[in-house]
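[1] task: produce atomic coordinates for the following.
(3 chains)
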Amino acid sequence: MSGPGPATILHADLDAFYASVEQLLDPRLRGKPVAVGGGVVLAASYEAKAFGVAAGMAGWRARQLCPKLRFVAGHFRQYQQLGDQVVDVLGHYTPNVERISIDEAFLDVAGSTHLFGSPAAIAAQIRSRVRDEVGLAVSVGVAGTKHLAKIASQVAKPDGLVVVERGRELDFLRPLPVELVWGVGPATRAQLAAKGIHTIGELAATPTPLLQGLLGQAVGAKLGALATDRDPRRVQGGRRAASVGAQVALGRRWAEPDVIRGTLAYLADRVAGRLRAAGQAGRTITVRVRFPGMRSVTRSITLPRPVSATLTLTEVAAELVAGALADNSSERQITLLAVSVSHLVGQPAVQLELPLGFGDERLRPGSEIGAARSAVDQAVDRVRARFGREAVGYATVALSDERRVPDEFRELAESSLAQPEG
DNA sequence: TCTGGGGTCCTAGGACCC
DNA sequence: TCTGGGGTCCTAGGACCC
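    Numbers count the residues shown, from 1 in each chain, chains lettered A, B, ... in the order given. Have a look, this model is predicted:
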């Protein structure tokens, strides 16, 4: 796999993407600390990062660190468009592009060097074209494996290019902090630090069995493999999503039936609508309830039949949430509800809702209620396809004003990982 | 006064089957 | 009569990524 010849895997990663787009759209924001978001920081410009502002941070905390921080609501549709433009540029150099999110992608240019020059030259051209044609800075890492290319692009930031030559991998990795390894987050970093392991070099010197004992089989084996440069992952097209979900942060709310029911109806409406649009249904339904203090619990059930009807999903989710609350009766308030569906299977749009099989007589095969639910969903789907999703909905859905982020942001998050047919 | 919304993958225990 | 090992599915929780 790592034969002779240059390393040909590129990882292209747009710098501070959302914030950079805002600075592109509004010149007055250039050179200034900018954050996209409000209650929470979705993205921060480099000027803001210099103050310690980071994505995921609470808005009040960010303002504390950087009083001059400029908050902008976000132009989510533009993010999608500009991200697509960049991917178009990448596609000019090879069809072998694997987009892994809205702002980053892998390329394997092994078959393109006779046309465009060395991988490093291609990376330089990409950076220059993205800058000229789209107006954004993109950092690129070049290496023999995806994992290494991604680390290289992180090292290259901001607005840089780093090439890891074959045979030089360990020299490159040795001094880098462990958190640059994909899959090493705060928890793993802390565990490694407790053992005196701070750099990838120190990681490489640690026997794999010891890492596995510390971090579990899978993570330990992966980190061990990184040190020996065994990384079989190839650049590839997308996979189908394994689950579809939605969540909404509520602030602090009393766990009242009306709030819960309305919120679950809204979430089920989004999830089931997306399932039907994709011609899918799922057997496993999972809910998550978060309490003040960030503690959360999940409850799930695997049904004998897949479901995609909004009302059925709402009812099952409501039962699961009720159970979770009953098991945590000391918690009087909740801060978030989530619904997701997995175990997905293809299901033609016209298929009727099937029985759930746990004693709900109303939902037996071919029952009038099952048929009615499918008919209602199909009617709603058709109206929305023509007039937009706000045009029609269940009454309880229309009531949910809990939404704190614009629908455009949800749609962007939904589509970011959406893959072409695979 | 604890922070968004979309996901993936891993682990561990229990049930159940062969 | 007691005991063994392996596999799969389900549930709950947690870490992590963009």
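[2] in the lengthiest strand in chain A, what counts as buried?
    If you go by DSSP state E, chain A has its longest strand at strand A:333-346. By 16 or more other CB atoms under 10 Å, the buried positions in strand A:333-346 come out as A:334, A:335, A:336, A:337, A:338, A:339, A:340, A:341, A:342, A:344. All C-beta spots, glycine's among them, are computed from the backbone N, C-alpha and C.
[3] could you find the closest non-adjacent residue to the first one?
    Using CB to CB, 6 or more residues apart in numbering and skipping residues adjacent in sequence, the residue nearest residue A:334 is residue A:255, 5.0 Å away.
[4] so in chain A, where's the weakest helix or strand by average pLDDT?
    helix A:395-399 (a mean of 47; mean pLDDT, DSSP states H and E).
[5] and the next helix or strand past that one?
    Under the assignment DSSP states H and E, the closest C-terminal helix or strand after helix A:395-399 is helix A:407-416.
[6] follow-up on the earlier one: surely the residue nearest to residue A:334 and residue A:336 touch.
    No. Applying CB atoms under 8 Å, one finds residue A:255 not in contact with residue A:336, separated by 11.7 Å.
[7] may I have the longest strand of chain A as PDB, with CA atoms only?
    Taking C-alpha atoms only, strand A:333-346 is exported to PDB below (Å, rounded to 0.1, in the frame of the first residue of the first chain):
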ATOM      1  CA  GLN A 333     -36.600  20.400  34.800                       C
ATOM      2  CA  ILE A 334     -35.200  19.500  31.400                       C
ATOM      3  CA  THR A 335     -32.900  21.400  29.000                       C
ATOM      4  CA  LEU A 336     -33.000  19.400  25.800                       C
ATOM      5  CA  LEU A 337     -35.100  16.700  24.000                       C
ATOM      6  CA  ALA A 338     -33.800  14.600  21.100                       C
ATOM      7  CA  VAL A 339     -35.400  12.000  18.800                       C
ATOM      8  CA  SER A 340     -33.600   9.700  16.400                       C
ATOM      9  CA  VAL A 341     -34.400   6.700  14.300                       C
ATOM     10  CA  SER A 342     -31.900   4.000  13.300                       C
ATOM     11  CA  HIS A 343     -31.900   0.500  11.800                       C
ATOM     12  CA  LEU A 344     -33.000   2.100   8.600                       C
ATOM     13  CA  VAL A 345     -34.500   0.200   5.700                       C
ATOM     14  CA  GLY A 346     -35.700   1.400   2.300                       C
END
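[8] helices or strands up against the next helix or strand after it?
    Of the helices and strands lying after strand A:333-346 in sequence (DSSP H and E), the nearest is helix A:368-387. Other elements packing on helix A:368-387 under the criterion 3 or more CB pairs under 8 Å, 6 or more residues apart in numbering; DSSP states H and E are helix A:257-277, helix A:310-327.
[9] how about the first one: buried residues?
    Judged by neighbour count using 16+ other CB under 10 Å, the buried positions of helix A:257-277 are A:259-276.
[10] and it, what does it pack against?
    By 3+ CB pairs under 8 Å, 6+ apart, helix A:257-277 packs against strand A:243-254, strand A:280-290, helix A:310-327, strand A:333-346, helix A:368-387, helix A:395-399.
[11] and those, which one's lowest on average pLDDT?
    Here the lowest mean pLDDT among the helices and strands packed on helix A:257-277 goes to helix A:395-399, at a mean of 47.
[12] list the contacts of the residue in the stretch 201-350 of chain A that DNA strand C sits nearest to.
    Per CB to the nearest atom of the strand, residue A:302 is where the stretch 201-350 of chain A lies closest to DNA strand C, at 3.1 Å. If you count contacts by CB atoms under 8 Å, 6 or more residues apart in numbering, residue A:302 has them with A:283, A:284, A:343.
[13] do the same with residue A:192
    A:178, A:184, A:198, A:203, A:214.
[14] and if we set it to 7 Å?
    For residue A:192, the contacting residues are A:178, A:203, by CB atoms under 7 Å, 6 or more residues apart in numbering.
[15] the helix or strand encompassing it near DNA strand C anywhere?
    Assigned by DSSP H and E, residue A:192 belongs to helix A:186-194. Yes. Using CB under 7 Å from any atom of the strand, helix A:186-194 reaches DNA strand C at A:186, A:187, A:188, A:189.
[16] give the buried residues for the helix or strand following that helix.
    For helix A:186-194, the succeeding helix or strand toward the C-terminus, using DSSP H and E, is helix A:200-204. For helix A:200-204, the neighbour count (16+ other CB under 10 Å) marks A:200, A:201, A:203, A:204 as buried.
[17] neighbouring contacts of helix A:200-204?
    Contacts of helix A:200-204 (CB under 7 Å, 6+ apart): A:170, A:173, A:174, A:175, A:176, A:178, A:181, A:192, A:197, A:223, A:227.
[18] list the helices and strands the helix or strand following it packs on?
    Downstream of helix A:200-204, the first helix or strand assigned by DSSP H and E is helix A:208-215. Counting by 3 or more CB pairs under 7 Å, 6 or more residues apart in numbering; DSSP states H and E, the packing neighbours recorded for helix A:208-215 are helix A:186-194, helix A:217-227.
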